[in-house]
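here are the coordinates; sequence isn't available:
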């Protein structure tokens with residue numbers, strides 16, 4: 001009761017936001033700026049928290065959604081003058097590491113997978129299959145690049161070159177974000193932007209994270225053993241609580257499972 005009485009100091013409050021899953025993939029369970037905006041707003045505003053802790057477990061996903069979510073975290077942290085701590089569980093890779101780098105400090109379990117600071121584009125080519133079935137692909141465009149990388153037509157060098165420019169530019173944005181956020185913590189003798197991943201102890205030596213720690217013990221170390229926790233997360237719809245899933249959620253689940261599998265998880 002004393003926290004509601006005037007002139008009586010309350011125990012420190014830490015808002016905990018769970019960021020788990022692939023970023024920006026279709027489906028209700030994915031992480032997106034639209035879904036997380038009200039969650040983050042409440043976490044930073046309600047109860048005047050001493051800190052916001054991010055429970056992070058993501059193999060990555062959309063670079064745009066990663067940037068939007070990360071930028072929102074920084075705007076709210078600066079506006080409310082609240083420090084942000086990220087705690088990595090299984091993995092913070094690619095866009096997942098983008099989110100981690102949006103925190104002021106990053107901690108992980110010693111077996112957490114960290115990094116993958118790179119950009120990937122993948123797909124399939126089905127033109128040989130179509131030819132074998134006697135099918136002809138007919139495409140008409142206005143603009144020579146409109147049908148770039150059509151999976152039902154043979155790949156050509158010009159399309160690949162255009163794609164590589166896009167990937168390099170996104171990679172440059174990613175590198176700038178990590179360099180700006182981690183600064184002189186990063187090991188200047190190592191190339192950390194190759195897409196490689198490391199376990200947490202090695203990632204700490206490289207400056208990608210600040211230490212090995214779990215959320216509750218670290219928050220108690222920083223704010224005392226009487227620290228309070230308040231959890232925030234996206235609200236689930238009634239249909240979701242009853243187990244109903246749309247077809248896009250099934251596809252999203254397959255994509256997300258494949259994303260985690262890239263890191264042996």
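Nice, I can see it. Computed from a predicted structure; not experimentally measured.

how close does residue 196 sit to residue 108?
According to C-beta to C-beta, to the nearest Å, residue 196 stands 16 Å off from residue 108. Using the backbone N, CA and C atoms, a C-beta is placed for each residue, glycine as well.

of those two, who's got more company?
residue 108 (29 against 13; other C-beta atoms under 10 Å).

Show me the shaky parts of this structure.
Within the chain, the ranges that satisfy pLDDT under 70 run 1-9, 25-29, 123, 127-128, 130-131, 136, 149, 152, 235-265.

which residue is nearest the centroid of this structure?
Note on the chain: the residue nearest the mean C-alpha position is residue 96, at 2.9 Å, using C-alpha atoms, centre = their mean.

so it makes contact with residue 23?
Yes - counting by C-beta atoms under 8 Å, residue 96 does reach residue 23; the two are 7.1 Å apart.

Between the two, which contacts overlap?
Residues touching both residue 96 and residue 23 (C-beta atoms under 8 Å, 6 or more residues apart in numbering): 58, 60.

how about the helix ranked longest in the chain: buried residues?
Identified as the longest helix of the chain according to DSSP state H is helix 157-182. Residues of helix 157-182 classed as buried by neighbour count (16 or more other C-beta atoms under 10 Å): 159, 170-171, 174, 177-178, 181-182.

Just put those residues in a markdown table and tack on distance to residue 202.
Converted to a markdown table, the buried residues of helix 157-182 look like this (distance: C-beta to C-beta, whole Å):
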| residue | distance to residue 202 |
| --- | --- |
| 159 | 37 |
| 170 | 25 |
| 171 | 22 |
| 174 | 20 |
| 177 | 21 |
| 178 | 16 |
| 181 | 19 |
| 182 | 15 |
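
so which two of the residues you listed are the farthest from each other?
Maximum pairwise distance in the buried residues of helix 157-182, criterion C-beta to C-beta, is 34.7 Å, between 159 and 182.
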